[in-house]
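Asker: just need the structure, nothing else, for what follows:
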Amino acid sequence: MKVKYIGKEQMDYLIPDNYIALIPGKVYEVLDISPKSQYYRIVDESGEDYLYPPEFFEVVEE
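Answerer: So this is what the prediction gives:
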């Protein structure tokens with residue numbers, strides 16, 4: 001699945017003062033979805049994979 005990060009404004013509203021290495025508007029590949037939380041595992045701009053809430057993204061390809 002591919003998702004587009006919807007932007008820093010949305011992320012700041014949900015998690016204030018938290019730095020996340022994602023670029024607004026960039027499409028990322030979802031490596032997997034956590035069975036427990038349903039969060040997306042994505043390799044961000046740091047080169048590491050992290051879990052992110054699906055609310056941060058718009059699905060662009062199933």
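Asker: wait, E62 sits on M1?
Answerer: Yes - if you go by Cβ atoms under 8 Å, E62 and M1 touch, sitting 5.9 Å apart. (C-beta placed from N, C-alpha, C; glycine too.)
Asker: which residues does Y40 bridge with?
Answerer: For Y40, the beta-bridge partners are I33, Y52 (DSSP bridges).
Asker: and it, what does it touch?
Answerer: Counting by Cβ atoms under 8 Å, 6 or more residues apart in numbering, Y40 touches 1, 3, 30, 33-34, 51-54, 57.
Asker: residue nearest the centroid of the protein?
Answerer: Nearest to the geometric centre of the chain sits Y52, at 4.6 Å (Cα atoms, centre = their mean).
Asker: what are the ranges of the strands in the chain?
Answerer: 2-5, 27-33, 40-43, 49-52, 57-61 (DSSP state E).
Asker: re earlier: so E62 and M1 - more neighbours on which side?
Answerer: M1 (14 against 5; other Cβ atoms under 10 Å).
Asker: tell me the contacts of that one?
Answerer: Going by Cβ under 8 Å, 6+ apart, M1 touches 29-30, 40, 59, 61-62.
Asker: and it, how far is that from E61?
Answerer: Separation of M1 from E61 (Cβ to Cβ, to the nearest Å): 6 Å.
Asker: thanks a lot, catch you later.
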